[in-house]
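S.K.: the following block contains a protein sequence and its predicted model.
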Amino acid sequence: MSVEPAARFEEATGPVVVLALSRRQECVAWMRQALDGLATVLPVSARQEEISAAIGQSGAALLIVDFAAENDDYGNIFEGIHQAFPDLKLIGIAPVADQRVLLAAMRAQSVDFVQSSGAPESLRKAVGRVLSQTRQRRVRAGRLVVVAGSIGTGCTTLACNLAAAILALRPQTAGLLLDFGTPVGTAATYMGIAPRVAFAEAVHNLERCDKTYLDTAIAENAQGLGVLPLFAATRDLRGLKLNEVFQMLAIILSVYHLVVADIGGAVFSDVGQYLLQAADEVVVVCDQSVAGILEGKKIAANLREKIGSRLQAGLVVNHYEPALGVDVGHVAEALGLPLLSHGTVPERRLSLIQAMNGGQLAVDAVPKDAYSRAVQQFSGLLSGRLWPDLQTTQGGTRGTSNWLRRWRTMA
């Protein structure tokens, strides 16, 4: 039986996080008993993208792998994980240390092996030894909002305006828009800026990527929102390794307070699936057309399958026209997703084009327009979910929160 991942990686209460890969619930319970007070055990499934997301979010430096069942074929996931995180340590466990199990643990490059049929103290000692020789990675500072939908539903426009509206509520926030939707590169046009670097180029220069590089290379609009398109030319994607892409995303999430990723039209790509796994909030965009609703149902089904109980998603019906007679509640029911706030963004093509032609986003150019007001409502709701510990004073200034203090020490 598969074990459901922890509700949210960042909700770990212990000072040290250890990831656990096991299909046996009783085994995870045994691990938690053994490591009580020493580390927080967070279960992950046997998917490389989920393990990578968990490492990036929790800062974990140790993965405990259960090799108990003969049909536990983890394939090549450990090779990819070790390439992406070469300092990650593995401890293998199983009820019986037979030849098959020990060989599997060796192939996974385990640094130790413990029989789970023994006393919990044996695992505690092994984990203690490994942790004493390693250190937790820097936990990501940022929050990730993913805007997902099919081509033509307005994902990019909504993602740009949503990111800008959230930043307006958090003036000290470093924000970045990942333009990974289809077609690529339109976000920069909407924001009135010219990108200086693309994501693919940054991955090719992974060894140079740190806060200084990103601050210098990424172009920002007048409000301080940066934009990073997926590529400048399709040839830039040649030679990209998926594990290096995941590493780059982990670096971005450790540097920026807010990352809004537009994956409209690219939901089912490897990168899109990774971002959905790592997201703090998912905004699913749909319209009132039959085709749009059918595509939205596919996206919603994928979210439930891949994320399960960790899913934190809200539906937005874009280009909403009451005259079409398709009730927003019926769309939400068809997709099986809750509405984000009131759940609709009105059709305001004229206002959006006028703002774009002036090199601005609607929320900045026409903040009182119906489109901007709808997005502002979404941004207020999401901001409260992303940073529940931040309080707004009467004068509008915000108190210094834990994440902001952490950022200042990192900067």
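M.R.: Everything's here; your move. Fair warning: this is a prediction, and the values are worked out from it, not measured in the lab. Residues are numbered from 1 along each chain as shown.
S.K.: my reading is that residue 316 lies in a strand. Confirm?
M.R.: Yes. Counting by DSSP: H, G, I helix; E, B strand; the rest coil, residue 316 falls inside a strand.
S.K.: specify the beta-bridge partners of it.
M.R.: Under the criterion DSSP bridges, residue 316 forms beta bridges with residue 285.
S.K.: let me see the contact set for it.
M.R.: Going by Cβ atoms under 8 Å, 6 or more residues apart in numbering, residue 316 touches 158, 283-286, 339-340, 343-345, 378. Every C-beta, even on glycine, is put in place using the N, C-alpha and C of the backbone.
S.K.: rerun at 6 Å
M.R.: For residue 316, the contact set (Cβ atoms under 6 Å, 6 or more residues apart in numbering) comprises 283, 285, 340.
S.K.: ok, the last one touching residue 312?
M.R.: Spelled out, that is residue 340. No. The pair residue 340 / residue 312 is not scored as a contact, 10.7 Å apart, by Cβ atoms under 6 Å.
S.K.: when those two are compared, which one has more neighbours?
M.R.: residue 340 (23 against 14; other Cβ atoms under 10 Å).
S.K.: let me know the helix or strand that that one is in.
M.R.: Per DSSP states H and E: residue 340 is located in strand 339-346.
S.K.: mean confidence score for the next helix-or-strand element following that strand?
M.R.: Remark: after strand 339-346, the chain's next helix or strand is helix 349-357, criterion DSSP H and E. Helix 349-357 carries an average pLDDT of 92.
S.K.: and helix 349-357, what's buried?
M.R.: Residues of helix 349-357 classed as buried: 351-352, 355-356 (neighbour count, 16 or more other Cβ atoms under 10 Å).
S.K.: continuing past that helix, what's the next helix or strand?
M.R.: Taking DSSP H and E, what comes next after helix 349-357 is helix 362-365.
S.K.: only the buried residues of the helix or strand following that next one, if you could.
M.R.: Next in sequence after helix 362-365, counting helices and strands by DSSP H and E, comes helix 370-386. Within helix 370-386, the residues that qualify as buried by neighbour count (16+ other Cβ under 10 Å) are 371-372, 374-376, 378-379, 382-383, 386.
S.K.: ok, stretch 222-233 next?
M.R.: Within stretch 222-233, judged by 16+ other Cβ under 10 Å, the buried ones are 223, 225-232.
S.K.: and the chain, what are its domains?
M.R.: The chain breaks down by automatic domain parsing into domains covering 9-132, 143-410.
S.K.: quick one: the shortest one to chain centroid distance?
M.R.: So that's domain 9-132. With Cα atoms, centre = their mean, to the nearest Å as the basis, domain 9-132 stands 22 Å off its chain's centre.
S.K.: contact partners for residue 90?
M.R.: Going by Cβ under 6 Å, 6+ apart, the list of residues near residue 90 reads 63, 65, 108, 110.
S.K.: make a PyMOL selection of the buried ones in the residues you listed.
M.R.: The PyMOL command for the buried members of the contacts of residue 90 (criterion: 16+ other Cβ under 10 Å) is given here:
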select buried, resi 63+65+108+110
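S.K.: secondary structure added to the contacts of residue 90, as a markdown table?
M.R.: A markdown table is the format used below for the contacts of residue 90 (three-state DSSP):
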| residue | secondary structure |
| --- | --- |
| 63 | strand |
| 65 | strand |
| 108 | coil |
| 110 | coil |
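S.K.: name the nearest of the contacts of residue 90 relative to residue 262.
M.R.: The closest of the contacts of residue 90 to residue 262 turns out to be residue 63 (Cβ to Cβ; 31.2 Å).
S.K.: the stretch 101-250 of the chain: strands as residue ranges?
M.R.: Here the stretch 101-250 of the chain has its strands, by DSSP state E, counting those that start in this stretch, at 112-115, 143-149, 175-179, 225-229.
S.K.: out of those strands, nearest to residue 330?
M.R.: Residue 330 lies closest to strand 143-149 among the strands of the stretch 101-250 of the chain, at 17.7 Å (Cβ to Cβ).
S.K.: so what are the sheet partners of the closest one and their directions?
M.R.: Applying DSSP bridges, strand 143-149 is found paired with strand 258-262 (parallel), strand 281-286 (parallel).
S.K.: quick one, it and helix 370-386 angle?
M.R.: Going by axes from the mean of the first three to the mean of the last three Cα atoms, to 10 degrees, strand 143-149 is angled at 140 degrees with respect to helix 370-386.
S.K.: who's in contact with strand 143-149?
M.R.: Residues contacting strand 143-149 (Cβ under 6 Å, 6+ apart): 155, 158-159, 258-264, 267, 275-276, 278-285, 299, 386.
S.K.: what sits against residue 241?
M.R.: By Cβ under 6 Å, 6+ apart, residue 241 lies in contact with nothing.
S.K.: coming back round to it: can you lay out the strands paired with strand 143-149 as a markdown table showing mean pLDDT, distance to residue 360 and mean neighbour count?
M.R.: Shown next, in a markdown table, are those (pLDDT from 0 to 100; distance: least, Cβ to Cβ, whole Å; neighbours: other Cβ atoms under 10 Å):
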| stretch | mean pLDDT | distance to residue 360 | mean neighbour count |
| --- | --- | --- | --- |
| strand 258-262 | 97 | 17 | 29 |
| strand 281-286 | 96 | 21 | 24 |
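S.K.: residue 326 is nearest to which of the ones you listed?
M.R.: Checking the strands paired with strand 143-149 against residue 326 by Cβ to Cβ gives strand 281-286 as the closest, at 10.3 Å.
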